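Engineer: here are the coordinates; sequence isn't available:
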């Protein structure tokens, strides 16, 4: 296992920043707020505002399918189904997302769990005055979380418990980014960057044939401070960690990466996991999966999986790389 010591003590999780680079033409960019973050699409080889608008509209349409809080969304309806309704027919997109979610739930032995909604809705990380939920409520919600209570056969989904509900927060942004990339490719775009608030998906490379440069932000530092810069061609970069949605009470940092086993945020010595992969849905799910597994088992999973790479940051400021991950570092072999 290769590792390097950060220049300074790293106390938090990375965010992803698109670094400045030389371009033949001015890029065309548009942003909108959705998915509880700012979504930005930047084209490097097309001067067509309609492509940008249509791509963002596509993102919004998926939010209206996968959101657990937007009334009328497909997931909202599934979570608020009558108790007697056990079997439902789902759309192709929800079927695909459940199928992939169940795979990662299985390989993480429930560390990643698509049925975490009773817990995730109990914790409010966006409140102006957040509080730690009472332990009794946490334990009550925890008992409702179990991906094995879902059975998917084609587009038929069966809930084996009336208490089971879905939360795609750990994978939906990646899936949506992949669909946005598909759309851009259909429009003839060969060079672009899709940024869904930390989920960065690069379409192709820069018009001059060089890689995009993606910076990994130094945790708890100014957004312009990076710990590493990576060369990325036609790949996704996704981070999960303790900085994204969190609050501090009585000196304890409570973050959104919840352990279905005890109902509280994971405490395993990690502050972040960043995944490089071809598909952003895989990177999104793997960042949470590897975080839940911890450094050793998370690294083992990546090293046994083709085409995916990881960067782990621990509480003591160490940065660890899975096999092949260092090859993406700018200026380093």
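Structural biologist: Sure thing, it's come through. In this text the structure is predicted, and so the values were computed from the model without any measurement.
Engineer: pull the contacting residues for the closest residue to residue 259 other than its chain neighbours.
Structural biologist: With C-beta to C-beta, 6 or more residues apart in numbering as the criterion, residue 259 has its nearest non-adjacent residue at 4.9 Å, and that residue is residue 266. Every C-beta, even on glycine, is put in place using the N, C-alpha and C of the backbone. Listed by C-beta atoms under 8 Å, 6 or more residues apart in numbering, the contact partners of residue 266 are 255, 257-259, 291-292.
Engineer: can you report phi and psi for residue 266?
Structural biologist: As for residue 266, its main-chain torsions (degrees, to the nearest 10) stand at phi -60, psi 140.
Engineer: so how many other residues sit close to residue 122?
Structural biologist: 16 (other C-beta atoms under 10 Å).
Engineer: my read: it touches residue 136, true?
Structural biologist: No: here residue 122 does not reach residue 136: they are 11.1 Å apart, not a contact under C-beta atoms under 8 Å.
Engineer: mean confidence for stretch 132-144?
Structural biologist: Averaging pLDDT along stretch 132-144 gives 96.
Engineer: same thing with stretch 109-126?
Structural biologist: Mean per-residue pLDDT for stretch 109-126: 93.
Engineer: which members of the contacts of residue 266 are positioned in helices?
Structural biologist: 291-292 (DSSP state H).
Engineer: can you give me the end-to-end span of stretch 194-210?
Structural biologist: 17 Å (C-alpha to C-alpha, to the nearest Å).
Engineer: buried residues, it. List them.
Structural biologist: 194-206 (16 or more other C-beta atoms under 10 Å).
Engineer: stretch 145-155 now?
Structural biologist: Of the residues in stretch 145-155, those buried (16+ other C-beta under 10 Å) are 145-147, 149-150.
Engineer: lowest-confidence one in the buried residues of stretch 194-210?
Structural biologist: Lowest pLDDT among these: residue 198, 78.
Engineer: residue contacts, residue 146?
Structural biologist: For residue 146, the contact set (C-beta under 8 Å, 6+ apart) comprises 110, 113, 115, 161, 164, 260.
Engineer: surely residue 195 forms part of a helix?
Structural biologist: No: counting by DSSP: H, G, I helix; E, B strand; the rest coil, residue 195 falls outside a helix, being strand.
Engineer: out of the contacts of residue 146, which comes closest to residue 280?
Structural biologist: Ranked by distance to residue 280 (C-beta to C-beta), these are led by residue 113 at 20.1 Å.
Engineer: thought that closest one was touching residue 145?
Structural biologist: Yes: judged on C-beta under 8 Å, residue 113 makes contact with residue 145 at a distance of 5.7 Å.
Engineer: tell me which element residue 208 falls in.
Structural biologist: For residue 208, there is no host helix or strand (DSSP states H and E).
Engineer: buried set for the helix or strand encompassing residue 181?
Structural biologist: Using DSSP H and E, residue 181 falls within helix 172-186. Buried residues in helix 172-186, defined by neighbour count with 16+ other C-beta under 10 Å: 172-181, 183-184.
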